[in-house]
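[1] got a sequence here, can you build the structure:
(2 chains, ligands or ions: 2)
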Amino acid sequence: MHVPVLKQGDYLIASVQSVLSDADLLELRDDLAERVGRFRSRGVIIDVTVLDVIDSFATRTLRAVAHMLKLRGAETVIVGIQPDVAFAMVQLGLTLEGVGTALDLEEGLAYLNRVTKKTLQHGK
Amino acid sequence: MENNELRVAIGSAADIVTARQRGRALAMEMGFDGSDLTLIATAISEVARNIVIHAKQGIILLGPVNHGSRRGIQIVARDEGPGIKDVAKAMQYGYSTKSGLGVGLPGAKWLMDEFDIASSVGKGTVVTMKKWLH
Ligand SMILES: Nc1ncnc2c1ncn2[C@@H]1O[C@H](COP(=O)(O)OP(=O)(O)O)[C@@H](O)[C@H]1O
Ligand SMILES: [Mg+2]
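    Numbering: from 1, shown residues only, chains lettered A, B, ... in the order given. Ligands and ions are numbered 1, 2, ... in the order given. The predicted structure follows:
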């Protein structure tokens, strides 16, 4: 299922709507990379609240999305990982190393405000 | 396994989603709770994905299983793909012959209560996993 992406100021918000197929994940990656360039976005929130499984492929793809967006000049934060899903990821030994995570949208925005400000200061 | 098992043909990435949804639904019917449902669905996702990536096609069989007084769910992932040359190596965390994370097989073993893999080169691979109700 296609993932809608909203633009909010300097940020993009992608809200995953249902179970994601591999093709959806790859489409989301390409879609975000293109929009970050078009809108000069400084941060991206990927909301995965509705995902009932994050397996090793999804983890690898989310990491790859974050790293690619970083090269395009944007920070990524994944929000809404459910407790059961987080538990399964820990059991699998999976981490989102190098990718920001936050509890929900609000915390995700706070996270982006923090890290994008930091990057700006470093850039001076 | 009893003969009231579900078969899910695996031939594309979309089938992975079908397999884990069927598995979750069956496990829920059997009385597994929320966090076990997610562990079972995640393990199914890993072995189903291995079929798509490493063997192209195969099947997932889902069904209830009994052992003495214990009841549980059994998941069998079977394919007639290339097989695995060194199963011990394939079970190592981080080992992948493609560009995967190499987490699927060892991870699925950690997620489930029982895990067995039989593979022969040129013939295919069978992964059998169980989780018991407690
Ligand atoms: N069904 C299968 N058929 C053939 N080879 C397999 C199969 N499942 C796993 N393998 C082999 O075992 C290795 C480890 O599998 P896994 O732990 O799931 O890691 P990954 O899938 O990320 O490579 C794979 O790289 C592959 O070589
Ligand atoms: Mg795998």
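
[2] which residue ranges form the strands in chain A?
    A:5-8, A:11-15, A:43-47, A:75-79, A:100-102 (DSSP state E).

[3] I'd like the ones you listed as TSV, with mean pLDDT, distance to residue A:37 and mean neighbour count appended.
    C-beta coordinates here come from the backbone N, C-alpha and C atoms, glycine included. Shown next, in TSV, are the strands of chain A (pLDDT from 0 to 100; distance: least, Cβ to Cβ, whole Å; neighbours: other Cβ atoms under 10 Å in any protein chain shown):
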stretch	mean pLDDT	distance to residue A:37	mean neighbour count
strand A:5-8	94	13	13
strand A:11-15	96	11	20
strand A:43-47	97	12	25
strand A:75-79	97	15	24
strand A:100-102	96	20	19
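
[4] between those strands, which gets nearest to ligand 1?
    strand A:75-79 (20.5 Å; Cβ to the nearest ligand atom).

[5] list the neighbouring strands of that closest one plus their orientation.
    strand A:43-47 (parallel), strand A:100-102 (parallel) (DSSP bridges).

[6] next, format those as CSV and append distance to residue B:69.
    Formatted as CSV, the strands paired with strand A:75-79 follow (distance: least, Cβ to Cβ, whole Å):
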stretch, distance to residue B:69
strand A:43-47, 44
strand A:100-102, 42
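
[7] which one of the ones you listed lies nearest to residue B:27?
    strand A:43-47 (26.3 Å; Cβ to Cβ).

[8] between that closest one and strand A:11-15, how many degrees?
    Angle between the axes of strand A:43-47 and strand A:11-15 is 10 degrees (criterion: axes from the mean of the first three to the mean of the last three Cα atoms, to 10 degrees).

[9] may I have strand A:43-47 exported as CSV, CA atoms only?
    Provided in CSV are the C-alpha atoms of strand A:43-47 (Å, rounded to 0.1, in the frame of the first residue of the first chain):
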residue,chain,number,x,y,z
GLY,A,43,14.0,16.3,8.6
VAL,A,44,11.8,13.3,7.9
ILE,A,45,9.4,11.5,10.3
ILE,A,46,8.4,8.0,9.4
ASP,A,47,5.4,6.9,11.5
